[in-house]
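Colleague: got a predicted structure plus its sequence, pasted below:
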Amino acid sequence: MRALQLARPGDRLSVLCLGAHSDDIEIGAGATLLGLMERGVRLDVHWCVLSGGGVRDDEARKSAMDFLAKAASAEIEIKSFRDGFFPEQGEAVKQWFESLKGRIDPDLILTHRRDDAHQDHRQVCQLTWNTFRDHQILEYEIPKWDGDIGQPNVYVPVSVAALERKIELLMAHFGSQRSKQWFDDETFRGLARIRGMECRAPERYAEAFFARKVALI
């Protein structure tokens, strides 16, 4: 299979990362971002978490700072929309998306998956596509008890070092989530191993995404 590159070492790539909750971006695309920086891609990242507040706000900000420590530039934005009620707050969330569109024009957007079982995740994905209609969008996956893991069509092989750093940071920063049965290193490593097997990743691990539209030139 012929591999396509998002960016080459030394290239500059602007990335908008969107997550409904404080750990979503890290779980879905953390190793991909770390791997790009590991390979020498200069990332300009706008990192947005829509549901913060209290301890989760602090977790989100500190985690983002560590994940983006080697980025060329990083802006971290934490909002306070009510967890679990994004569809009921649709107008306010939509207004925020419209303001975001006026501030940035990214090369790549990482967002939730359209068919995710969590209503907040689906709302973020829908508004991403409604708002950014001429951008490259990749939808990441979040494992959960709902059993909604799908069949991705884009794979990003990641190094062992990038994956282990992702897991290390997740375990270090999200104490509020460690009591959840699914939130552990075996879940994150196991999913990455399955995705790595599916794309024959050189170091056995990968993160996977859903691409609804891709333009090749």
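Modeller: Yep, it's here. Note that the structure is a prediction, hence the values are computed from the model and not measured.
Colleague: go ahead and flag the most central residue of this structure.
Modeller: Ile25 (3.2 Å; Cα atoms, centre = their mean).
Colleague: thought that one was touching Leu110?
Modeller: Yes: contact between Ile25 and Leu110 holds when scored by Cβ atoms under 8 Å: they sit 6.9 Å apart. C-betas here are computed from N, CA, C, even on glycine.
Colleague: common neighbours of the two, please.
Modeller: Common contact partners of Ile25 and Leu110 (Cβ atoms under 8 Å, 6 or more residues apart in numbering): Cys17, Leu18, Tyr140.
Colleague: let's have these in CSV, adding neighbour count.
Modeller: Below are those laid out as CSV (neighbours: other Cβ atoms under 10 Å):
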residue, neighbour count
Cys17, 29
Leu18, 26
Tyr140, 28
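Colleague: which one among those gets closest to Ala201?
Modeller: Comparing the shared contacts of Ile25 and Leu110 against Ala201 with Cβ to Cβ places Tyr140 closest, at 16.4 Å.
Colleague: can you pull the contacts of that closest one?
Modeller: Tyr140 makes contacts with Asp24, Ile25, Ile27, Gly28, Ala29, Leu110, Thr111, His112, Arg113, Glu207, Phe209, as judged by Cβ under 8 Å, 6+ apart.
Colleague: now, these that are in helices?
Modeller: Cross-referencing the contacts of Tyr140 against helices under DSSP state H gives Asp24, Ile25, Ile27, Gly28, Ala29.
Colleague: number of residues surrounding the closest residue to the third one other than its chain neighbours?
Modeller: Read it as Ile27. Once flanking residues are discounted, Ile27 sits nearest to Ile142: 5.5 Å by Cβ to Cβ, 6 or more residues apart in numbering. Neighbours of Ile142 under the rule other Cβ atoms under 10 Å: 23.
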